[in-house]
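*Asks:* Model the structure of this input:
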Amino acid sequence: FQSLQGEVRHAVSFAIDMGYHHFDFAYVYQNEWEIRETLLEKIEEGIVMQDDLFVFSKLWCTFYEKTLLKEAYQKTLVALQLDYLDLYLMHWSLGFKELFPADENDMIVPSDMDFVNAWEAMEELVDAGLVKANGIFNFNHIQINWLLSKSGLKYKPANNQISCPQIHHSFLPQEELINFCHSKGISVTAYCSLGAPSWP
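*Replies:* A predicted model of the protein is given here:
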């Protein structure tokens with residue numbers, strides 16, 4: 001995220017060489033093709049196998065309609081040249097129009113697609129063997145309860161990725177949300193816990 005074109009390839013290569021096996025991607029970052037080249041290179045060199053890696057990506061908010069969702073997921077698999085992902089996260093609880101649309105007041109334009117309905121299509125990806133598990137991104141306890149109360153829910157979220165501060169966002173304690181997720185059997189992953197270029 002926020003890497004200049006070409007930089008992420010070197011970062012992923014270095015990370016694999018240093019023993020990292022957990023890789024977090026997203027459609028909206030628009031760098032999956034760069035990552036693909038590095039992953040394939042390392043697999044071909046015998047440094048790692050896909051089974052050694054934990055690779056996941058995120059469904060962008062413009063693809064919450066079932067047909068679009070499945071097409072978006074297939075594009076991610078093609079972009080990464082992988083047969084499956086270990087985890088697929090819903091990238092926010094609110095559907096958007098294409099990418100980052102804004103109205104005349106520079107406010108994001110939402111779509112009318114419900115994330116609960118999108119979750120049903122994500123469950124079908126699990127049933128088809130295309131992803132091992134699904135998760136959510138920056139969901140609060142109200143949104144999680146809403147999803148868990150879905151009629152006919154087959155798979156609850158395996159993971160909730162949140163901004164979990166160590167240095168960055170030190171004013172945003174997340175212990176209550178983390179404990180809530182754990183009480184529901186949902187693991188938690190932190191992002192940008194050591195900061196980022198625009199979040200010192």
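
*Asks:* Please enumerate residues in contact with the worst-scoring helix or strand of the chain on mean pLDDT?
*Replies:* Lowest on mean pLDDT, DSSP states H and E among the helices and strands of the chain sits helix 32-44, with a mean of 85. The set of residues that contact helix 32-44 without belonging to it, under Cβ atoms under 8 Å, 6 or more residues apart in numbering, is 5-6, 8-9, 12-13, 16, 23, 25, 48-50, 53, 55, 57, 76, 79-82. Every C-beta, even on glycine, is put in place using the N, C-alpha and C of the backbone.

*Asks:* Could I have the PyMOL command that selects the buried members from those?
*Replies:* This is how PyMOL selects the buried members of those, with burial counted by 16 or more other Cβ atoms under 10 Å:
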select buried, resi 8+9+12+13+16+23+25+48+53+55+57+76+79+80+82
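
*Asks:* So which of the contacts of helix 32-44 sit within helices?
*Replies:* Applying DSSP state H to those, the entries found in helices are 8, 9, 12, 13, 16, 76, 79, 80.

*Asks:* distance of the third one from residue 75?
*Replies:* Computed with Cβ to Cβ, to the nearest Å, the distance linking residue 12 and residue 75 is 19 Å.

*Asks:* Give the bridge partners for the residue nearest the centre of the chain, please.
*Replies:* The central residue of the chain, meaning the one whose C-alpha is nearest the mean C-alpha position (Cα atoms, centre = their mean), is residue 58 at 3.0 Å. According to DSSP bridges, residue 89 are recorded as the beta-bridge partners of residue 58.

*Asks:* if we can go back for a sec, please export the C-alpha coordinates of the least confident helix or strand of the chain as PDB.
*Replies:* These are the backbone C-alpha positions of helix 32-44, laid out as PDB (Å, rounded to 0.1, in the frame of the first residue of the first chain):
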ATOM      1  CA  GLU A  32      -0.700  -7.600  -7.600                       C
ATOM      2  CA  TRP A  33       1.100  -8.100 -10.900                       C
ATOM      3  CA  GLU A  34       4.400  -7.000  -9.400                       C
ATOM      4  CA  ILE A  35       3.900  -9.300  -6.500                       C
ATOM      5  CA  ARG A  36       3.100 -12.200  -8.800                       C
ATOM      6  CA  GLU A  37       6.400 -11.900 -10.600                       C
ATOM      7  CA  THR A  38       8.300 -12.100  -7.300                       C
ATOM      8  CA  LEU A  39       6.300 -15.000  -5.900                       C
ATOM      9  CA  LEU A  40       6.700 -17.000  -9.000                       C
ATOM     10  CA  GLU A  41      10.400 -16.300  -9.100                       C
ATOM     11  CA  LYS A  42      10.900 -17.500  -5.500                       C
ATOM     12  CA  ILE A  43       8.800 -20.600  -6.100                       C
ATOM     13  CA  GLU A  44      10.700 -21.400  -9.300                       C
END
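
*Asks:* Next, the angle helix 7-17 makes with it.
*Replies:* With axes from the mean of the first three to the mean of the last three Cα atoms, to 10 degrees as the basis, helix 32-44 and helix 7-17 are set at 30 degrees to each other.

*Asks:* Tell me the buried residues in helix 32-44?
*Replies:* By neighbour count, and taking 16+ other Cβ under 10 Å as the criterion, the buried residues in helix 32-44 are 32, 34, 35, 36, 38, 39, 42, 43.
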